[in-house]
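[1] Sharing a sequence plus its predicted fold:
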Amino acid sequence: MTMLLAADIGATKTVLALFTPENGPRHPIIERELATADYLHVDDLVQTFLREVHGPIDGAVLGIAAPVKGGRATMINLPWVASEGHLKDLLKIDQVRLLNDLEAVTHAIPLLNSEDIHTLHRGDPEADGAIAVIAPGTGLGEAFLLRDGERYLCYPSEGGHADFAPVGLVELELLRHLGEKYDHVSWERVCSGPGLFNIYTFLKNNGLAIEPLWLTQQLADSKDPLPIIVKAGIDPIAGCRICEMTLDIFMSILGAEAGNLALKILATGGIYLAGGIPPRIVDALKKGPFLKRLQGKGRESFVVSDFPVHVILNTRAALIGAAAYGLKHFAL
């Protein structure tokens, strides 16, 4: 049986699966999720998976949270380097492709159905319009799709590492605060999982909000503060002001950068939010400052207001996209 290995390699978790042309990119025959940090290298991840499933493969497409240049990827949030040439030798196959993880997501977007997305703003889409993708998770990924005749072409971006542009006194103070900690304050420093915690720490350390005792205790007992802060921020019963402020600032900044990306490519086909955070806060994104900031682009506000805005709910979008790329472009 012809077999394709596809993977979504993130800084926190990795999903690997085997696909066949008969089943297509939405239906893996075997799938596993692994903790990325438990392994020393991409090689270890791939070999562990293949030893477990005993699957001879004919091609491999790995979506990876890193810029890819010349078939080589250097991860930003882990000390990992991967190369297509090395993986070809390791796996003893000729067909290997590394994709930036957000580029992998873009390949999935034409395959998504109504159950895979939640629409925040319907807008007035153009059928062949450009599409923007922005994904806050462990980092901040960005990518886009442009129409070329009957197909979309997918392009990665490292826009999440561009300079953060604050608006208003609070964000200006946030920039100053982070400038004392980092040589370069990018959008990712304020619009990602670690970025959300940077905002929380800024509010706490500058006395702009009080951390309640119950929250102090929960955070002390947890290895990952993000779920606790997000949950308290969207829970009206908890009434946690510092978490609510953190989430509002985060959503406002996410809206600003989503609107920036959409303006730069004229995303008349829509804006898609991917990554691990947006699906957790869908209701807050609809009610909070996100859309107002996204659409608040001065003289161009009327243009951005026509762009549809969707949240990708399918957590396997990058995996689907990697598989779709391989099944389409490889000789399987």
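    All right, it came through fine.
[2] Run through the helices of the stretch 1-150 of the chain in chain order.
    Along the stretch 1-150 of the chain, counting by DSSP state H, counting those that start in this stretch, helices occupy 42-53, 84-91, 101-108.
[3] okay, those, which one's buried deepest?
    helix 101-108 (a mean of 29; mean count of other Cβ atoms under 10 Å). For glycine as for every other residue, the C-beta is placed from the backbone atoms N, C-alpha and C.
[4] Any chance of CSV for the helices of the stretch 1-150 of the chain, columns mean pLDDT?
    Shown next, in CSV, are these (pLDDT from 0 to 100):
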stretch, mean pLDDT
helix 42-53, 92
helix 84-91, 95
helix 101-108, 95
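[5] between those helices, which gets nearest to residue 139?
    Nearest to residue 139, of all those, is helix 101-108, at 9.1 Å by Cβ to Cβ.
[6] Give me the neighbour count for residue 83.
    Neighbour count for residue 83, taken as other Cβ atoms under 10 Å: 18.
[7] So for it, what's the pLDDT?
    As predicted, residue 83 sits at a pLDDT of 95.
[8] wait, doesn't it sit right on residue 69?
    No. When contacts are counted by Cβ atoms under 8 Å, residue 83 is not listed as touching residue 69 (10.5 Å).
[9] hang on, isn't residue 50 packed against residue 3?
    No. The criterion here is Cβ under 8 Å, and residue 50 misses it with residue 3 at 10.2 Å.
[10] Give me the common contacts of those two.
    The contact sets of residue 50 and residue 3 overlap at residue 57 (Cβ atoms under 8 Å, 6 or more residues apart in numbering).
[11] follow-up on the earlier one: could the helices of the stretch 1-150 of the chain be laid out in a markdown table, adding distance to residue 21?
    Shown next, in a markdown table, are those (distance: least, Cβ to Cβ, whole Å):
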| stretch | distance to residue 21 |
| --- | --- |
| helix 42-53 | 18 |
| helix 84-91 | 19 |
| helix 101-108 | 16 |
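[12] quick one: which of those helices is nearest residue 214?
    helix 101-108 (36.0 Å).
[13] export the closest one as CSV, just CAs?
    Taking C-alpha atoms only, helix 101-108 is exported to CSV below (Å, rounded to 0.1, in the frame of the first residue of the first chain):
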residue,chain,number,x,y,z
ASP,A,101,3.6,25.0,9.9
LEU,A,102,1.4,27.9,8.9
GLU,A,103,2.0,27.2,5.2
ALA,A,104,0.7,23.7,6.0
VAL,A,105,-2.4,25.2,7.5
THR,A,106,-3.0,27.2,4.3
HIS,A,107,-3.0,24.0,2.2
ALA,A,108,-5.9,22.8,4.4
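[14] quick one: it to chain centroid distance?
    On the basis of Cα atoms, centre = their mean, to the nearest Å, helix 101-108 sits 10 Å off its chain's mean C-alpha point.
[15] Please apply the same query to stretch 48-68.
    Put simply, stretch 48-68 sits 20 Å off its chain's centre (Cα atoms, centre = their mean).
[16] Check stretch 36-53 too.
    Put simply, stretch 36-53 sits 22 Å off its chain's centre (Cα atoms, centre = their mean).
[17] before we move on, what about stretch 96-109?
    Taking Cα atoms, centre = their mean, the mean C-alpha location of stretch 96-109 is offset from the chain mean by 11 Å.
[18] for stretch 198-210, same thing?
    Between the centre of stretch 198-210 and the centre of its chain there are 25 Å (Cα atoms, centre = their mean).
[19] May I see the buried residues of it?
    198-204, 209 (16 or more other Cβ atoms under 10 Å).
[20] Could you pick out the longest strand of this protein?
    If you go by DSSP state E, the chain has its longest strand at strand 140-148.
[21] quick one: strands adjacent to that one?
    Partner strands for strand 140-148, per DSSP bridges, with pairing direction: strand 131-136 (antiparallel), strand 151-157 (antiparallel).
[22] Export the first one to CSV, keeping only CA atoms.
    Read it as strand 131-136. Taking Å, rounded to 0.1, in the frame of the first residue of the first chain, the C-alpha atoms of strand 131-136 are listed here in CSV:
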residue,chain,number,x,y,z
ILE,A,131,-6.8,34.8,2.3
ALA,A,132,-4.8,35.8,5.5
VAL,A,133,-4.0,33.2,8.2
ILE,A,134,-2.7,34.2,11.7
ALA,A,135,-2.1,31.7,14.5
PRO,A,136,-1.3,32.5,18.1
